[in-house]
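Novice: Sequence plus predicted model, see below.
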Amino acid sequence: MPDTDGMFPSKTADKTHMFTYWKNQPSKSPRPPEKKIPLAIACLIGLLLPPVSGAVDLLDVYRLGIENDAEYRSAMAANRAEQEMEPQAWASLLPTVAFSGTTTANREDVRQNSNNQLAGEFDYNSKQLRLTISQPIFHKDLWNALEQAQERVEQADATLILTRQALMIRVAERYLQTLRARDDLLFAESEKTATEQQLAQAQQRFEVGFIAVTDIEETRAARDLAIAREIEAKNQLNNTHEALREVTGEYLSELAPLGRQARMAGPLEPDDIDQWTETALARNLEVAVARRAVNIAEAEIRRIDSGHLPTLDLVGAHDRSSRNGGSSGENDVMMSTVSLQLNVPLFQGGMVLSRSREAMHRHTQAAEELDKTQRSVHRRTRDAFLGIESGTSRIQALWQALQSTEAALDATKAGFEAGTRTSVDVLNAERERLRAKRDYAGARYDYVLDVLRLKQAAGTLSEQDLITINTWFGTEQSAEMAQSQPAQSQPNEPQMTEGQVASVPAVPAPTVPVPTVPVQTATVATAPVPTGEPQPEPIQDWTEPVPAQATQPEPVQQVQTTQREPAPAEPAQSPAAQPRQVARTEPAPEKKEEAEGPREKVLEENEEPEGEGVAAIPEEEEADAVLDVAAHRGALTGLKEPALDTLIDVEAHRAALFRATPPR
């Protein structure tokens, strides 16, 4: 908006002490006439223009805070006010010059003539002019006041720098709180998606009689709690955006995340907590402000005590008085005087003694506040140092946990492709991966804050530190993160970037997922099937160690209908707990015509030697029942031919173990 004088506002720099602030001043160039653009043309131009990226990083938010934060601007105004204390104290020690003038209308009535004076009434005017110069020679209280004012100016400068450092911490905290709230929202959305899938599967299982109605209600309760957590996460995200707007004065919808490949600072230098503590007690600005307060209180005591001392001033005056009539006639008199004025206070009703006692108590209060501040800085310095050390180890541990959850997710997806896992299992594995990703990002956020807090406690935090930390933030996304959006996400939901938690990927859900028959301890060894997704590269960073390259087993490209390769050798187990391989054989005698098609093969004798605790292959009628159950499940879950063959093998193996016909 233009100023009221019709000029454009322009920004000019005004440097006071060590800080630069901006203020609006009208420019000298007049405002050009406005040209209105039709609405349709404006809309067309807006559609044709490329979108402007609205993502801002930590340094951008800090600079917005410098310009718009009311608390910092108030501190700047207070600093400028305190700067005037020293000139005021100096002014009391300099000469003072005063001029006074008086004009008076007089009426004089003389009734008796004496000394040659005329009798009668006289009306005349008189004037008096006085010029006075006074120079304090000895005023102990004024010199103490000057010392006190200088301490106040130093305290104001330290307070302003402290306020700027506090603004850096406040901006970083609210910035990272917003990123953390966005992580929580994405995790809550993925959890809601998983519980909705679980509820759908539970309803289908209830319809076929596998579970009771209580299981349905428990799953529905879990879904409702997930929805409540999602609502709470959305509200928390809105609150963090409001807190950020309070500092910047603007709504910032897109924030640059903490980059996945960000190289954080190395080990602390010096790597000694005692040295950091000594530096903090010597250079911390809160301690400096508290020390100045103690010095100010001491100067106040000296100023009050000087009220008992005499004062000496040099006074010079020049007077001129004139009158234009009267009984004595006209006159014009000028007189100049120079004097030494001595003032010795004798008794003031005990005022000086009372004020002196008050100043001593104020000094004691300031000293206790200094001790309190030193203890607080000592504690916060050690907390930040230990937080960085533990945060480094925590980041490494959570990175390993993230790698493990990603490996578990890949294995679960392979099991889903093979038919041994359901889509809910995949969603649960994805949810655990997102939880690990969220915790990993949160640990990195805490690390950033601990670095800033340690430097603030040591009194060395500056904008250059913020510039260095700002390089850890970026807007790039990995391909794996770009693919990890939830299947039911809204078009305007926040996109996943590094430092954020991805939402659940779209997983093909079976039409009617039916659980397998529960068994007790039997297991079937299956080889992992690759899903085509690249494994995430570990960050080559001191905060994220490179995990050891484990030897991966040879993946099976597809599930064959012939005999599978034996699984890699494993430690010896009990016969009942050992996984076994099931081979395919020729079809059974043509006893049932409906076994044609996907059930054209039956199982032959088990290849396991006797004595291993595994029963033989069931009889022909049991084999037919196995094929019926496997085909029914395959039709319900929509499995393809290779996965259907694997399901037949699993059912036959279960029947062989327990000599029980699976339910139709």
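Specialist: That came through, no problem.
Novice: All the helices of the stretch 201-350 of the chain, residue numbers only.
Specialist: Taking DSSP state H, counting those that start in this stretch, the helices of the stretch 201-350 of the chain run over residues 213-248, 273-283, 285-305.
Novice: One more: the stretch 51-200 of the chain?
Specialist: According to DSSP H, counting those that start in this stretch, the helices that the stretch 51-200 of the chain contains are 58-68, 70-82, 85-93, 140-207.
Novice: For the shortest one, name the packing helices and strands.
Specialist: Meaning helix 85-93. helix 140-207 (3 or more CB pairs under 8 Å, 6 or more residues apart in numbering; DSSP states H and E). Every residue, glycine included, has its C-beta placed from N, CA and C.
Novice: relative to helix 85-93, how tilted is the helix it packs on?
Specialist: Put simply, helix 140-207 runs at 170 degrees to helix 85-93, going by axes from the mean of the first three to the mean of the last three CA atoms, to 10 degrees.
Novice: mean confidence score for helix 140-207?
Specialist: Averaged across helix 140-207, pLDDT comes to 92.
Novice: got the angle between that helix and helix 213-248?
Specialist: Angle, helix 140-207 to helix 213-248, by the same axes, to 10 degrees: 150 degrees.
Novice: elements contacting the longest strand along the chain?
Specialist: For the chain, the longest strand by residue count, based on DSSP state E, is strand 120-138. Other helices and strands packing on strand 120-138, by 3+ CB pairs under 8 Å, 6+ apart, are strand 96-110, strand 311-323.
Novice: coming back round to it: with respect to residue 103, which of the helices of the stretch 201-350 of the chain lies nearest?
Specialist: Evaluated over the helices of the stretch 201-350 of the chain, closeness to residue 103 peaks at helix 285-305, with 41.1 Å, by CB to CB.
Novice: buried ones in that closest one?
Specialist: In terms of neighbour count (16 or more other CB atoms under 10 Å), helix 285-305 has its buried residues at 285-305.
Novice: same deal with stretch 89-102?
Specialist: Neighbour-count burial for stretch 89-102 [16+ other CB under 10 Å]: residue 89.
Novice: next one: stretch 211-223
Specialist: Within stretch 211-223, the residues scored as buried using 16+ other CB under 10 Å are 211, 219, 222, 223.
Novice: May I have the phi/psi pair for residue 270?
Specialist: For residue 270, the backbone dihedrals (degrees, to the nearest 10) come out as phi -80, psi 150.
Novice: swap that for residue 349, please
Specialist: Dihedral pair for residue 349: phi 80, psi 20, per degrees, to the nearest 10.
Novice: Can you tell me the number of residues neighbouring it?
Specialist: For residue 349, the count of nearby residues is 7 (other CB atoms under 10 Å).
Novice: How about the one 5 residues further on?
Specialist: The criterion is other CB under 10 Å. On that basis, residue 354 has 12 neighbouring residues.
Novice: and it, that one's in a helix?
Specialist: Yes. Assignment of residue 354 by DSSP: H, G, I helix; E, B strand; the rest coil places it within a helix.
Novice: Please list all residues in contact with it.
Specialist: Contact criterion CB atoms under 8 Å, 6 or more residues apart in numbering gives no residues in contact with residue 354.
Novice: Look up how far residue 345 lies from it.
Specialist: Residue 354 is 15 Å from residue 345, where distance means CB to CB, to the nearest Å.
Novice: didn't residue 142 look like it was pressed against residue 136?
Specialist: Yes. Counting by CB atoms under 8 Å, residue 142 does reach residue 136; the two are 6.3 Å apart.
Novice: Common neighbours of the two, please.
Specialist: Residues touching both residue 142 and residue 136 by CB under 8 Å, 6+ apart: 92, 93.
Novice: what about stretch 392-411, average pLDDT?
Specialist: Mean pLDDT, computed over stretch 392-411, is 92.
Novice: Now do the buried residues in that stretch.
Specialist: For stretch 392-411, the neighbour count (16+ other CB under 10 Å) marks 392, 394-396, 398-403, 405-411 as buried.
Novice: Repeat that for stretch 224-233.
Specialist: 226, 229, 230, 233.
Novice: Mean neighbour count, the helices of the stretch 51-200 of the chain: which tops it?
Specialist: Most buried of those, by mean neighbour count (mean count of other CB atoms under 10 Å): helix 140-207, with a mean of 21.
Novice: is it true that residue 460 lies in a helix?
Specialist: No. Residue 460: not assigned to a helix; according to three-state DSSP it is coil.
Novice: For burial, what's the neighbour tally of it?
Specialist: Residue 460, neighbours per other CB under 10 Å, totals 15.
Novice: mind checking pLDDT for it?
Specialist: Looking at residue 460, its pLDDT reads 91.
Novice: Excluding covalently adjacent residues, which one is nearest to it?
Specialist: Nearest residue to residue 460, sequence neighbours excluded (CB to CB, 6 or more residues apart in numbering): residue 283, at 6.8 Å.
Novice: and if you look at residue 402?
Specialist: The shortest distance from residue 402 to any non-neighbouring residue, by CB to CB, 6+ apart, is to residue 436 (4.5 Å).
Novice: And the one you found, how close does it get to residue 64?
Specialist: Here residue 436 is placed at a distance of 33 Å from residue 64 (CB to CB).
Novice: Same question for residue 137.
Specialist: Counting by CB to CB - residue 137 and residue 64 are separated by 55 Å.
Novice: What of residue 105?
Specialist: From residue 105 to residue 64 the distance is 67 Å (CB to CB).
Novice: Likewise for residue 252?
Specialist: As for residue 252, its distance to residue 64 is 8 Å (criterion: CB to CB).
Novice: which neighbours do these two share?
Specialist: residue 56.
Novice: quick one: residue 125 and residue 105 touch, right?
Specialist: Yes. Residue 125 is within contact range of residue 105, at 5.6 Å (criterion: CB under 8 Å).
Novice: Which one's more surrounded, the two?
Specialist: Counting neighbours by other CB under 10 Å for residue 125 and for residue 105 shows that residue 125 has the greater number, 13 against 8.
Novice: Next up, the contacts around that one.
Specialist: 103, 104, 105, 106, 323, 324, 325.
Novice: Please repeat the previous calculation with a cut-off of 6 Å.
Specialist: Applying CB atoms under 6 Å, 6 or more residues apart in numbering to residue 125 gives the contacts 105, 324.
Novice: ditto for the one 3 residues further on
Specialist: Taking CB under 6 Å, 6+ apart as the definition of contact, the neighbours of residue 128 are 102, 321.
Novice: The one 5 residues further on now?
Specialist: Residue 133 makes contacts with 95, 97, 316, as judged by CB under 6 Å, 6+ apart.
Novice: Could you find the closest non-adjacent residue to the first one?
Specialist: Leaving out its chain neighbours, the residue that sits closest to residue 95 by CB to CB, 6+ apart is residue 135, at 4.4 Å.
Novice: Could you give the number of residues near that neighbour?
Specialist: By other CB under 10 Å, neighbour count at residue 135 equals 13.
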